[in-house]
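Undergrad: Provide a 3D model corresponding to the input given below.
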Amino acid sequence: MPLPTIILPGYFARGSEYLTLENSLNQKGILAVTVPLTKRDWFPTLGGRSVVPILRQIDETVRRVRETYQTEQVNLIGHSAGGWIARIYLGEKPYLIDEAVWNAHGFVASLITLGTPHVSQERWTRRNLDFVKNYYPGAFYPDVRYVCVAGKAIYG
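TA: Got it, this is the predicted structure:
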């Protein structure tokens, strides 16, 4: 049986917007769960502020899925901002804004990013994206399989 897959919504998206993808994967025999975000969950991140509230929900979902399905690893699918936020989640460096450390790369077999802007010149995203680019360039962890769809900043 394939590893469970967790879907990380894009910026300001609700988890419910990804039910079609989740259902499609489940019908193909790939256990899929979407991080249950709401629009309200994104409010504290506006203007380039910390994405720790989102990282907490990702971590909670990964822990719940690993425990429920008795598996050491999961696959992540990150859409848009969900892709670069997942890269922070994998890392062991103190997160620039809050000094949080997630160090989850050992729990993740694959990270698939869909339409993720891995580099940005927009001032409200630069602080977070520069952190990712500087500390976790490219396909950073050799034990994680990276797949980038609709972008060319990261080759995995």
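
Undergrad: Can you get me a residue count around residue 56?
TA: 13 (other C-beta atoms under 10 Å). (C-beta placed from N, C-alpha, C; glycine too.)

Undergrad: can you tell me the helix or strand for it?
TA: helix 52-68 (DSSP states H and E).

Undergrad: okay, and for the chain, where does confidence drop off?
TA: 96-98, 151-156 (pLDDT under 70).

Undergrad: can you give me the helices for it?
TA: 19-27, 39-42, 52-68, 81-90, 123-135 (DSSP state H).

Undergrad: Distance from the chain centre to stretch 24-34, please.
TA: Here stretch 24-34 is found 17 Å from its chain centre; the criterion is C-alpha atoms, centre = their mean, to the nearest Å.

Undergrad: List the buried residues in that stretch.
TA: Judged by neighbour count using 16 or more other C-beta atoms under 10 Å, the buried positions of stretch 24-34 are 25, 31-34.

Undergrad: Also stretch 130-148?
TA: Within stretch 130-148, the residues that count as buried by 16+ other C-beta under 10 Å are 131-133, 135-136, 140-141, 144, 146, 148.

Undergrad: quick one: which of those residues is nearest to residue 109?
TA: Using C-beta to C-beta, residue 144 comes nearest to residue 109 of the buried residues of stretch 130-148, at 7.0 Å.

Undergrad: if I read this right, that closest one contacts residue 113, doesn't it?
TA: No: using C-beta atoms under 8 Å, residue 144 is not in contact with residue 113; the gap is 11.7 Å.

Undergrad: Mutual contacts of these two, please.
TA: Counting by C-beta atoms under 8 Å, 6 or more residues apart in numbering, residue 144 and residue 113 have no common neighbour.

Undergrad: Could you pull up the contacting residues of residue 136?
TA: Residue 136 neighbours (C-beta under 8 Å, 6+ apart): 87-88, 90-91, 93.

Undergrad: nope, residue 22 is what I was after
TA: Residue 22 touches 7, 32-34, counting by C-beta under 8 Å, 6+ apart.
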